[in-house]
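Peer 1: build me a model from this:
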Amino acid sequence: MHPLLSHEGLDLQYFVLLGFWVSQTWGTLKMASKMLELLATLNLLVISTFHLAEVLVPPPERYPDIYPVLNSLWGAAGFALFWAYFNYRQFTLVNTPKMGFRVTKKLT
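Peer 2: All right, here's what the predicted structure looks like:
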């Protein structure tokens, strides 16, 4: 989204809204494990680094679209990992009436 808004000259509005969103959501989501919390924090740091580099460091003349490409690759990789993870989870959970969902052994 940022490359499109940057093209229209809306960098300031984007970063203000992004900062507000991060300030409102940071620490409110309780992760199931410390590993998921670490991955979410790492993702936020990588995305912030992409944005800061795009604004502060001019792209090389040979690769003028390097930042949107890196942003797209990171987003596609995250989507693929979440897709694979939730497909795995969908087939390894069993519904029990009293206890909700619980992990069981793999289906054969």
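
Peer 1: can you give me the pLDDT of the residue most central in space within the chain?
Peer 2: With the centre of the chain defined as its mean C-alpha position, the nearest residue by CA atoms, centre = their mean is Asn43, 5.3 Å away. On pLDDT, Asn43 comes in at 83.

Peer 1: again with Asp11
Peer 2: Looking at Asp11, its pLDDT is 84.

Peer 1: now do the contacts for Asp11.
Peer 2: 5, 55 (CB atoms under 8 Å, 6 or more residues apart in numbering). The C-beta positions use only the backbone N, C-alpha and C, and glycine is treated the same way.

Peer 1: from Pro3, how far out is it?
Peer 2: Remark: distance between Asp11 and Pro3 (CB to CB, to the nearest Å) = 11 Å.

Peer 1: and for Glu61?
Peer 2: Using CB to CB, one obtains 18 Å as the distance from Glu61 to Pro3.

Peer 1: and for His2, the neighbour number?
Peer 2: His2 has 19 neighbours, counted by other CB atoms under 10 Å.

Peer 1: what ranges do the strands span in this structure?
Peer 2: 93-96, 100-103 (DSSP state E).

Peer 1: mean pLDDT lowest for which of those?
Peer 2: Between the strands of the chain, the lowest average pLDDT goes to strand 100-103, which shows a mean of 58.

Peer 1: neighbours around Met35, how many?
Peer 2: A count of nearby residues for Met35, using other CB under 10 Å, gives 9.

Peer 1: need the pLDDT of it.
Peer 2: Met35 is given a pLDDT of 75.

Peer 1: and for Pro64?
Peer 2: Looking at Pro64, its pLDDT is 91.

Peer 1: and it, how far is that from Leu18?
Peer 2: Look at Pro64 and Leu18: by CB to CB, they are 24 Å apart.

Peer 1: those two: which has the busier surroundings?
Peer 2: For Pro64 versus Leu18, the count of surrounding residues by other CB under 10 Å is larger for Leu18: 15 against 10.
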